[in-house]
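Participant: Fold the stuff below for me.
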Amino acid sequence: MKWDEFFVTGEPMIYGAMASIVLASLAIVVGLTYFKKWGYLWREWLTTVDHKKIGIMYIIAALLMLFRGGMDGLLMRAQLAIPENGLLDAQHYNEIFTTHGLIMILFMAMPFVIGLMNVVIPLQIGARDVAFPRLNAVSFWLFFAGAMLLNISFVIGGSPDAGWTAYFPLASIELSPTVGNNYYSIALQIAGIGTLLTSVNFLVTILKMRAPGMKLMRMPMFTWSVLITNVIILFAFPVLTVSLALMMFDRMFGAQFFTMANGGMDMLWANLFWVWGHPEVYIVILPAFGIYSEIISTFSRKNLYGYKSMVYSMVIISLLSFLVWAHHFYTMGHGVTVNGFFSISTMAIAVPTGVKIFNWLFTLRKGKIEFTTPMLYSLAFIPIFTIGGVTGVMLAMASADYQYHNTMFLVAHFHYVLIPGTVFAVLAGFYYWFPKLFGFRLNDKQGKRAFWLIAVSFNVTFLPLFFLGLKGMTRRTFTYSAETGFGPLNMLASIGAVGLALGFVYLVYNIYWSFRYAPRDTTGDPWDARTLEWSTPSPVPEYNFALIPKVDGLDPFWNSKKTGQPLTEGEYEEIHMPNNSGQPFILGMIFMAFGFCMVFSWWVPSIVFGIGIVIMLAVRSFERDHGRHISVKEIKETEQRLRGEQS
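Facilitator: Here you go, the predicted structure:
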């Protein structure tokens with residue numbers, strides 16, 4: 001391979017990205033060396049199997065990917081701000097909107113949700129850790145390997161360029177001869193394996209490790225949403241894995257699963273992708289519903305209205321999510337019968353979603369509402385998501401979709417669903433559960449300022465896209481002429497995108513400011529919440545619960561405070577905890593090296609790294625990890641220290 005084919009060259013932005021990567025890497029290495037933190041980094045983070053630390057790493061990675069994907073979004077808006085703009089050429093624009101979609105959905109929304117899962121679920125069900133702590137670490141490092149592999153494509157080899165859906169024949173080797181879509185198929189496979197392992201881990205954790213007395217219908221709503229989400233992952237992600245493997249065989253080995261000739265079928269990819277792709281939307285939406293349920297109940301000072309109907313509606317949504325995939329390609333040649341079936345099933349999914357909206361509204365009714373930062377995100381979600389849902393019903397009508405389908409109207413709908421439905425939720429959950437991680441709250445005033453900047457800018461950015469779509473502007477357009485009249489609305493949307501960026505920068509500044517200056521007094525119960533996780537100290541000790549709590553209803557902590565009855569019985573006992581391990585980190589790095597060599601069809605090193613993966617797994621299968629024990633004395637000292645810090 002020639003040097004100029006290996007490194008992407010020819011544009012100032014690429015050179016700038018290369019320089020920034022080198023400088024950032026040097027700064028990290030120099031900083032860790034100067035402050036002598038290499039040992040700390042290895043012991044406390046790279047080798048950790050603590051679900052809370054793994055959750056923090058997921059969230060940090062998600063925030064980094066938020067800014068990486070956000071830069072792509074800003075570049076797109078800069079390109080479209082004025083007619084006939086020459087900032088980006090067509091190829092670069094294709095790569096940017098492809099990586100923007102991939103990063104925001106798979107490497108920002110998913111890890112943020114999984115990070116909150118890791119932090120909260122064991123605390124909500126009264127468990128000391130997840131069922132398989134080391135597998136949890138493997139899941140994170142596989143996700144991280146996939147994310148890094150996709151991101152380096154920007155400067156080495158070239159990014160995917162066929163859209164985040166990678167439709168064939170656009171993604172075929174004939175129309176996309178660079179290695180960009182090799183990155184797509186391999187990076188997503190590696191990250192997808194990690195997500196699938198996460199699903200198995202959390203299903204076992206929730207089903208087998210609940211505290212005594214916590215029946216299924218006594219679980220917190222976030223735990224219910226995570227349980228259902230992981231069932232969806234278990235059934236949906238294998239479809240993606242197989243699809244990506246077939247894509248890899250087509251591109252790298254000359255197979256013809258998705259070709260236009262020799263028995264191949266390009267529509268096979270579209271069907272397989274969306275059989276995974278539409279449930280994926282609910283994989284990131286359902287946990288958000290659980291987060292909103294927790295927050296709205298807490299800051300309304302009321303029990304969640306319609307607990308059972310909330311559970312049943314999520315179950316119905318999860319089932320219907322597998323029956324709507326073909327609405328993504330009404331215009332691709334289906335008959336009336338098929339389009340009619342998927343149109344009805346798509347509109348039907350609005351019913352259980354509407355049930356949830358009304359349940360949240362009835363929870364708010366006559367509540368003692370406190371307008372904290374998490375509550376503001378939750379309240380803003382309801383009207384904005386409703387707009388997204390209503391426009392979704394418009395798109396669900398197959399005949400009308402012929403007008404809307406390939407326009408900016410669809411882009412606006414998608415963002416009106418996913419940003420309030422997922423991004424607002426994970427930010428709300430981040431603020432809400434932050435004390436459980438670090439022992440203090442993020443600054444609420446700064447959080448509210450960032451919220452208003454984000455909420456207003458979001459609508460300024462994406463509301464004009466509905467009107468641009470109705471005026472006929474197609475999506476994936478990299479330039480347009482002044483005669484179309486698209487310029488003013490595009491400029492307005494681009495101004496809104498700058499406001500969104502400033503809002504997220506302010507969010508990061510709030511994190512920095514709070515770590516330096518926020519008071520460390522959480523008064524033992526920061527949000528006066530009912531759910532079990534708030535019975536633990538803030539920050540939560542490594543073992544979570546010194547004594548495993550007993551649950552006697554839907555609101556165990558709230559009931560114990562009202563009645564004066566303790567949540568736990570018995571005496572302190574020695575606690576067994578798993579040892580840290582460097583194997584998950586090393587395995588993730590080997591997977592990354594294996595994937596990188598596969599992208600460029602370097603078969604000898606690929607085989608070597610593949611053998612390395614097998615050896616790592618074999619070594620683990622023969623290893624006996626007896627863990628370590630925390631003595632009663634250590635537990636008592638930790639509890640006294642944490643309780644003392646809170647009071």
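Participant: Can you give me the buried ones in stretch 411-429?
Facilitator: 411-429 (16 or more other CB atoms under 10 Å). C-beta: built from backbone N, CA, C; applies to glycine.
Participant: For the protein, which helix extends over the most residues?
Facilitator: helix 266-300 (DSSP state H).
Participant: Compute the distance from the centre of the very next helix or strand once past it to the centre of its chain.
Facilitator: Tracing the chain C-terminally past helix 266-300 and defining elements by DSSP states H and E, one meets helix 307-320 next. How far helix 307-320 lies from its chain's middle: 21 Å, per CA atoms, centre = their mean, to the nearest Å.
Participant: just the angle between helix 307-320 and helix 266-300, please?
Facilitator: 170 degrees (axes from the mean of the first three to the mean of the last three CA atoms, to 10 degrees).
Participant: so what does helix 307-320 touch, helix or strand wise?
Facilitator: Packing contacts for helix 307-320, counted by 3 or more CB pairs under 8 Å, 6 or more residues apart in numbering; DSSP states H and E, involve helix 221-253, helix 266-300, helix 350-364.
Participant: Tell me the buried residues in that helix?
Facilitator: Buried, per 16+ other CB under 10 Å, within helix 307-320: 307, 310, 311, 313, 314, 316, 317, 318, 320.
Participant: quick one: the residue nearest to the second one when sequence neighbours are not counted and residue 347, what's the gap?
Facilitator: Going back to what we said before, that points to residue 310. What sits nearest to residue 310 in space, not counting adjacent residues and going by CB to CB, 6 or more residues apart in numbering, is residue 359, at 5.6 Å. From residue 359 across to residue 347, the span is 20 Å (CB to CB, to the nearest Å).
Participant: how about residue 133, what does it touch?
Facilitator: 49, 50, 51, 578 (CB atoms under 8 Å, 6 or more residues apart in numbering).
Participant: hmm, try it at 10 Å
Facilitator: 48-51, 54, 201, 577-581, 584, 625, 627 (CB atoms under 10 Å, 6 or more residues apart in numbering).
Participant: What of residue 507?
Facilitator: Per CB under 10 Å, 6+ apart, neighbours of residue 507: 63, 66, 427, 430-431, 442, 446-447, 449-451, 453-454.
Participant: Which helix or which strand is home to it?
Facilitator: helix 487-517.
Participant: And that helix, what's buried?
Facilitator: Those would be 487, 489-494, 496-501, 503-504, 506-507, 510-511, 514, for helix 487-517 by 16+ other CB under 10 Å.
Participant: So what's the model's average confidence on that helix?
Facilitator: Mean pLDDT, helix 487-517: 95.
Participant: out of the contacts of residue 507, which are inside helices?
Facilitator: Reading helices off the contacts of residue 507 with DSSP H, I get 63, 66, 427, 430, 431, 446, 447, 449, 450, 451, 453, 454.
Participant: what about the last one, distance to residue 427?
Facilitator: Distance of residue 454 to residue 427, computed by CB to CB: 8 Å.
Participant: Between these two, which contacts overlap?
Facilitator: 377, 503, 504, 507.
Participant: Among those, which pair sits farthest apart?
Facilitator: Of all pairs drawn from these, the greatest distance, 13.2 Å, lies between 377 and 504 (CB to CB).
Participant: list the residues that contact both of the two?
Facilitator: Common neighbours of residue 377 and residue 504 (CB under 10 Å, 6+ apart) are 423, 427, 454.
Participant: quick check, nearest of the residues you listed to residue 158?
Facilitator: residue 423 (28.3 Å).
Participant: Would it be right to say that residue 59 lies in a strand?
Facilitator: No: per DSSP: H, G, I helix; E, B strand; the rest coil, residue 59 lies outside any strand segment and is helix.
Participant: got the contact list for it?
Facilitator: Residue 59 neighbours (CB under 10 Å, 6+ apart): 111-116, 118-119, 426, 429-430, 434, 437.
Participant: ok, it to residue 66 distance?
Facilitator: 10 Å.
Participant: Pull up the overlap in contacts between these two.
Facilitator: With CB under 10 Å, 6+ apart, residue 59 and residue 66 have common neighbours 112, 426.
Participant: Would you map the helices across the stretch 51-200 of the chain?
Facilitator: 51-80, 90-104, 110-125, 133-152, 180-208 (DSSP state H, counting those that start in this stretch).
Participant: centre of the chain versus the longest one, how much separation?
Facilitator: Here the centre of mass of C-alpha atoms in helix 51-80, compared against the chain's by CA atoms, centre = their mean, lies 10 Å away.
Participant: Confirm for me that residue 311 is in contact with residue 220.
Facilitator: No: when contacts are counted by CB atoms under 10 Å, residue 311 is not listed as touching residue 220 (11.1 Å).
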